[in-house]
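1. Predicted structure and sequence below. I'll ask about it afterward.
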Amino acid sequence: ALAILVVPGIDIHFLTLPSFQMLGAFWIVTVAGLMALQAWRGNGEARVIVGLLVLTAAAIINHLFLPTRVIGGVVVLQAAFALVILWVAVVMANRYTGMFQNLEQQVAKRTADLRQTNRDLEKALAARSQFLANMSHELRTPMNAILGLTGLSLKTDLSEQQRDYLTTVDRSAQGLMGIIESILDFSDLQSGKMELAAEPFSLRALLEQQGAMAGPAASEKGLDFHCEVADDVPDWLLGDARRLGQLLAIFISNGIKFTDAGAVTLSVTSLGAKDTAARLRFDTSDTGPGIAEDQRAALYDGFFQADESHTREHGGTGLGLAIAHKLTQLMGTEIQLESAGGRGSTFSFELQLPLTEAPAIPEAAPAPPLAEGPRDLTPIQGARILLVDDSDINLQVAGELLRQARMYVDTAENGAEAADKVLAGAYDCVLM
């Protein structure tokens, strides 16, 4: 090709065949040299190829230059050449077979490694779940003691300074308890261990509880809280009232937390009801700063807050919306967000819940919220109560609360002791 470009007028047909013949001869000599080098290094396959090449070369020399056939004629030459090609094919097949076998071994090894990694991950997740289950009890027990004993102390005669100190302790302990509950709930949702109950509940009673809890917090910030329920929304439904209340509380508390002026509104509307089920829409709106478009992708990630400055100003772990996102998925729905910068936010979700009748026994209805005031326990004063718990602190706190309500309290530390005391004495109620 270089000669054609450099020398003008050269005959391409004159150079093509001789050039390829020379190139072929050069390639054969090069391969033979490489094979000879490999044979000299002890490669058995190369030695066979070199031997066949030597036989082929001898047959060619015998055919071209010697008058008599020492090795053989054209047949021997063709046979030798065919054997060279056959042996090269066998060597290449063995090489490729070895490569495939090596690849299969690597795939099998990596598959085994992945399986072992999955087993290790499952063990780690099981260990984490067990750790959190143990820590759930270990954390809740002292926190309940702190809250219980602080509440009891606040009912005693205290100086103004002591009452201020204990009130601060009580609020801090409640905040810490909320963080602990959030972390444990988030862990249960991630591991798929949380299950939804299916029990009759009054939706309006649940919403009244939300209002009783959110009202004081909103008033402290100078905000209005509104709860609006459409007339066609049914009251008695079948579902998990606790988790639905938790979901609504997350949206409401976030609205109050990040809103400095205006109002937070919870509204419930009906999207249609059949004979057995109703589809409801829950909207929680606020007049806060809103959420920018570029912050929404990570909004439901754990420990994330849209504006990190609010973490220092308002506190919180950033788990609220992550838990809400997991809860809505568990309920078979999803969160819808409408928000604009400076115009507030609206978090919405839809639920289809079976309809049910109000229980015949009034006591089955949800208890009134604590915010409405202490319940009248006068009718059960003097009752004999057996209190059973394996924690001395829980026995102390619960026992003191019952004694303050003018009840006679006996305690047991385990089921066997409780059974003996029930058989030996008469109790109006056993609390375990």
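-> Right, received. Where do you want to start?

2. did I read that right, Met194 in a helix?
-> No. Applying DSSP: H, G, I helix; E, B strand; the rest coil, one finds Met194 to be coil, outside a helix.

3. burial of it, as a residue count?
-> By the criterion of other Cβ atoms under 10 Å, Met194 has 18 neighbours. Yep, even glycine has a C-beta here, placed from its N, CA and C like the rest.

4. What are the boundaries of the strands in the stretch 201-350 of the chain?
-> 224-229, 236-239, 263-273, 277-286, 336-339, 345-354 (DSSP state E, counting those that start in this stretch).

5. Adding mean neighbour count, write those strands out as JSON lines.
-> Shown next, in JSON lines, are the strands of the stretch 201-350 of the chain (neighbours: other Cβ atoms under 10 Å):
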{"stretch": "strand 224-229", "mean neighbour count": "15"}
{"stretch": "strand 236-239", "mean neighbour count": "19"}
{"stretch": "strand 263-273", "mean neighbour count": "17"}
{"stretch": "strand 277-286", "mean neighbour count": "19"}
{"stretch": "strand 336-339", "mean neighbour count": "16"}
{"stretch": "strand 345-354", "mean neighbour count": "19"}
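
6. nearest to Gly151, of those strands?
-> Ranking those by their distance to Gly151 (criterion: Cβ to Cβ) puts strand 224-229 first, at 25.4 Å.

7. Thr287 and Gly262 touch, don't they?
-> Yes. Look at Thr287 against Gly262 with Cβ atoms under 8 Å: they come within range, at 3.0 Å.

8. Helix or strand next in line after the lengthiest helix in the chain, which one?
-> Using DSSP state H, we find that the single longest helix of the chain is helix 74-154. Using DSSP states H and E, the helix or strand that follows helix 74-154 in sequence is helix 160-191.

9. How about that following helix, which residues are buried there?
-> Using 16 or more other Cβ atoms under 10 Å as the burial criterion, the residues of helix 160-191 that qualify are 166, 169-170, 173, 177, 181-190.

10. Report the distance from it to the chain centre.
-> 24 Å (Cα atoms, centre = their mean, to the nearest Å).

11. now that helix: mean pLDDT?
-> For helix 160-191, mean pLDDT is 80.

12. Adding mean pLDDT, write the strands of the stretch 201-350 of the chain out as a markdown table.
-> Shown next, in a markdown table, are the strands of the stretch 201-350 of the chain (pLDDT from 0 to 100):
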| stretch | mean pLDDT |
| --- | --- |
| strand 224-229 | 88 |
| strand 236-239 | 88 |
| strand 263-273 | 87 |
| strand 277-286 | 89 |
| strand 336-339 | 85 |
| strand 345-354 | 88 |
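
13. Of those strands, give the one that comes closest to Val388.
-> strand 236-239 (31.2 Å).

14. How far off centre is the closest one?
-> 28 Å.

15. Next: stretch 287-298.
-> With Cα atoms, centre = their mean as the basis, stretch 287-298 stands 22 Å off its chain's centre.

16. Show the residue spans covered by the helices in the stretch 201-350 of the chain.
-> 203-220, 241-257, 308-314, 320-330 (DSSP state H, counting those that start in this stretch).

17. rewinding a little: ok, Thr287 and Gly262, which is more surrounded?
-> Using other Cβ under 10 Å as the criterion, Thr287 and Gly262 rank with Thr287 on top: 19 against 15.

18. Quick check: phi and psi at that one.
-> Main-chain torsions, Thr287, degrees, to the nearest 10: phi -110, psi 40.

19. again, but for Gly42
-> Main-chain torsions, Gly42, degrees, to the nearest 10: phi 100, psi 10.

20. and what of Tyr427?
-> phi -120, psi 140.

21. OK, contacts around it?
-> Neighbouring residues of Tyr427 by Cβ atoms under 8 Å, 6 or more residues apart in numbering: 384-386, 410, 421.

22. What about these, which are in helices?
-> Those of the contacts of Tyr427 lying in helices (DSSP H): Lys421.

23. ok, of the contacts of Tyr427, which come out buried?
-> 385-386, 421.

24. Show me the one of the strands of the stretch 201-350 of the chain that comes nearest Val90.
-> Of all the strands of the stretch 201-350 of the chain, strand 336-339 comes closest under Cβ to Cβ, at 68.0 Å.

25. That closest one pairs with which strands?
-> Here strand 336-339 is paired, per DSSP bridges, with strand 345-354 (antiparallel).
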